[in-house]
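1. got a structure for you, letters missing:
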């Protein structure tokens, strides 16, 4: 990897031989600030959209193996990729993901269910960029998703759906 770039991956990750070459090429073609790729985890393929938008509140839709501009990491902790990538994304970094698993990992991507502390950090990043009158929506989406599955009245489902739509519109502004 070049001097202006850093490759982040977990110690237990096993990369395919073409990982670095593929990520570097994807960056050159896209001009992105961050490039990720898919994973194999216990025989299951995990692909990432790169920029999940508001769905980034519910789970790591960014990626876990990351080629990132070194300048974006100054003063940042790199151990928890989901909050890091959410923060960089809402700050304007462009993220793309190669739609191919190039790493075998023992760990599935973080989600609201598996990593609630990271989810709270992600929520704080999203709330920090939303207009003041829409900040409650990010928390509403996260809390609604975190509730244990149980039937809810149709009115609540409709409210959650409207809240998600408002949040997505707010992020596009």
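-> Good, I have the coordinates. Here the structure is a predicted model, which is why all the values come from computation and not from measurement.

2. for the residue positioned nearest the centre of the chain, helix, strand, or coil?
-> In the chain, the centroid-proximal residue (C-alpha atoms, centre = their mean) is residue 62; its distance is 3.2 Å. State at residue 62, reduced to three classes by DSSP: H, G, I helix; E, B strand; the rest coil: coil.

3. try residue 89
-> Under three-state DSSP, residue 89 falls in the helix class.

4. over to residue 12?
-> What three-state DSSP gives for residue 12 is coil.

5. leaving out chain neighbours, which residue sits closest to it?
-> Leaving aside its chain neighbours, residue 12 sits nearest to residue 106 (4.9 Å; criterion: C-beta to C-beta, 6 or more residues apart in numbering). Heads up, the C-betas are built off the backbone N, CA and C, glycines and all.

6. quick check: the nearest residue to residue 55 once chain neighbours are set aside vs residue 14, distance?
-> Of all residues not flanking residue 55 in the chain, residue 61 sits nearest, at 5.4 Å (C-beta to C-beta, 6+ apart). From residue 61 over to residue 14 the distance is 22 Å, taken as C-beta to C-beta, to the nearest Å.

7. looking at these two, which is more packed in?
-> Neighbour tally, residue 61 and residue 14, criterion other C-beta atoms under 10 Å: the higher count belongs to residue 61, 26 against 11.

8. any chance of the backbone angles for residue 31?
-> Here is the backbone geometry of residue 31 (degrees, to the nearest 10): phi 70, psi 10.

9. how many residues are close by it?
-> 8.

10. that one reaches residue 93, doesn't it?
-> No. Counting by C-beta atoms under 8 Å, residue 31 sits too far from residue 93 to count as a contact (11.7 Å).

11. those strands in this structure, which residues are they?
-> 5-8, 14-15, 34-41, 44-46, 66-69, 95-105 (DSSP state E).

12. for the nearest residue to residue 122 once chain neighbours are set aside, list the residues it contacts.
-> Excluding its sequence neighbours, the residue lying closest to residue 122 (C-beta to C-beta, 6+ apart) is residue 86, at 4.4 Å. Counting by C-beta atoms under 8 Å, 6 or more residues apart in numbering, residue 86 makes contact with 56, 62, 121-122, 125-126.

13. go on, residue 91?
-> residue 129.

14. now swap in residue 29 and tell me
-> Residue 29 touches nothing, counting by C-beta under 8 Å, 6+ apart.
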